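Asker: prediction below, plus the sequence it came from.
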Amino acid sequence: MSDNAFDPTQKIKSMPQNVSSSPNGKEKSASDANDARSPKRIEPRSMPMKPGFYLVATPIGNLRDITFRALDILSSVDLIICEDTRVTGKIMNAYGFKKKMQVYNDHSTDGQRENLIKIVKEGQSIAVLSDAGTPLVSDPGYKLVRGAVEAELYVTSIPGPNAALPALQLSGLPTDQFSFLGFLPPKTTARQTALQKWEGVQGSLIIYETGPRLLDSLQDMQKTMGNREAAVTRELTKMYEEVRRGTLSDLIVHYTKSGPPKGEIVVVLGPPVAEIVSTESIEKQIQSALQKMSVRDAAEMVAKATGKPKRAIYTLALKLASDMK
């Protein structure tokens, strides 16, 4: 976990769980008569667990973002599998849990996966964690869940923190439609090829990136997507959380001067902006195309370039072709 404002040595405090209504309509705990100024710690509930896999979301920075239900699960399962026991160990230590942990990541073998499925078949419960955020979202676990589903084992999700949606919320870009691309390829050619597939997609695009590759990625985005609005978010929920908004060219200028930023980064790209094309411009494009190709081919090319209906462009091309004779 990265530095944040949370002190894990402090106990989590809240109102007691045994709450009743007082005569004046306000909520009142059973212990208020003894000491109304002493809020009680909400302890995780140790509970019998159904054999299966529990996909537990964990904080992306601030440890206080963990849910009470996640704490219940972590305190009750037989085994916790995670990418790095040192990272997950910080969460366990913060809340005073001692559980058997085992590494499961991209390098885990088919045999390790089959053994975990065997453990659940024998009646045990397993919590699946990533280093931070929601498991399986650009993190290991898909093959394990797929295998568990095929074996007809119980699988459930304990939802909670993730980086993608907070980045979208803070970006100031449209949220009604969005697509999650995860991490782009590290090399320029492959990255541009991947981006081209999303060029015409409506809605915002959410992309994970690293600091050292950020500037190159922004440049490839501009080359492939045009100078769209975008936001670079980093260190979300942490002490040094930052959101930088602007066009891709604005962001490229900034990171060229400032150098690569530190921390976890999520880039949000705004949707394509419809370009207003005048009738005069369309006619000029058609006339230019007619000098080199047939009416049908010219109409098809101009319709694709302008986004205008092909039939309307074809009708206009016929008229212009006739006038040019």
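Answerer: Cool, the structure landed. Numbers count the residues shown, from 1 in each chain.
Asker: what ranges do the strands span in the stretch 201-325 of the chain?
Answerer: 204-209, 229-234, 242-247, 265-269 (DSSP state E, counting those that start in this stretch).
Asker: assign residue 70 to helix, strand or coil.
Answerer: Under DSSP: H, G, I helix; E, B strand; the rest coil, the three-state class of residue 70 is helix.
Asker: what's near enough to touch it?
Answerer: Contacts for residue 70 (C-beta atoms under 8 Å, 6 or more residues apart in numbering) come out as 56, 57, 58, 158, 160. For every residue, glycine as well, the C-beta is placed using N, CA and C.
Asker: now with 6 Å?
Answerer: When contacts are counted by C-beta atoms under 6 Å, 6 or more residues apart in numbering, residue 70 touches 56, 158, 160.
Asker: is the first one in a bridge, and if so with what?
Answerer: Same thing as residue 56. Residue 56 has these beta-bridge partners by DSSP bridges: residue 158.
Asker: what is the burial count for it?
Answerer: 28 (other C-beta atoms under 10 Å).
Asker: that one contacts residue 130, correct?
Answerer: No: Residue 56 is not in contact with residue 130 according to C-beta atoms under 6 Å; the separation is 9.1 Å.
Asker: that older thread, I'd like the strands of the stretch 201-325 of the chain as JSON lines, with mean neighbour count, distance to residue 308 and mean pLDDT appended.
Answerer: Output for the strands of the stretch 201-325 of the chain, formatted as JSON lines (neighbours: other C-beta atoms under 10 Å; distance: least, C-beta to C-beta, whole Å; pLDDT from 0 to 100):
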{"stretch": "strand 204-209", "mean neighbour count": "22", "distance to residue 308": "25", "mean pLDDT": "98"}
{"stretch": "strand 229-234", "mean neighbour count": "23", "distance to residue 308": "24", "mean pLDDT": "98"}
{"stretch": "strand 242-247", "mean neighbour count": "16", "distance to residue 308": "26", "mean pLDDT": "97"}
{"stretch": "strand 265-269", "mean neighbour count": "25", "distance to residue 308": "25", "mean pLDDT": "98"}
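Asker: could I get these as CSV with distance to residue 216?
Answerer: What follows is those, written out as CSV (distance: least, C-beta to C-beta, whole Å):
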stretch, distance to residue 216
strand 204-209, 9
strand 229-234, 13
strand 242-247, 17
strand 265-269, 12
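Asker: among those strands, which is nearest residue 71?
Answerer: Evaluated over the strands of the stretch 201-325 of the chain, closeness to residue 71 peaks at strand 265-269, with 26.0 Å, by C-beta to C-beta.
Asker: sheet partners, orientation included, of the closest one?
Answerer: According to DSSP bridges, strand 265-269 has these partners: strand 204-209 (antiparallel), strand 229-234 (antiparallel).
Asker: format those strands as a markdown table; extra columns: distance to residue 70.
Answerer: Shown next, in a markdown table, are the strands paired with strand 265-269 (distance: least, C-beta to C-beta, whole Å):
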| stretch | distance to residue 70 |
| --- | --- |
| strand 204-209 | 22 |
| strand 229-234 | 23 |
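Asker: now do the helices in the stretch 151-300 of the chain.
Answerer: Assigned helices in the stretch 151-300 of the chain, in chain order: 164-171, 188-196, 211-225, 248-258, 279-290, 295-306 (criterion: DSSP state H, counting those that start in this stretch).
Asker: tabulate these (a markdown table), appending mean pLDDT and distance to residue 73.
Answerer: Shown next, in a markdown table, are the helices of the stretch 151-300 of the chain (pLDDT from 0 to 100; distance: least, C-beta to C-beta, whole Å):
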| stretch | mean pLDDT | distance to residue 73 |
| --- | --- | --- |
| helix 164-171 | 98 | 21 |
| helix 188-196 | 96 | 36 |
| helix 211-225 | 96 | 33 |
| helix 248-258 | 96 | 39 |
| helix 279-290 | 88 | 60 |
| helix 295-306 | 86 | 52 |
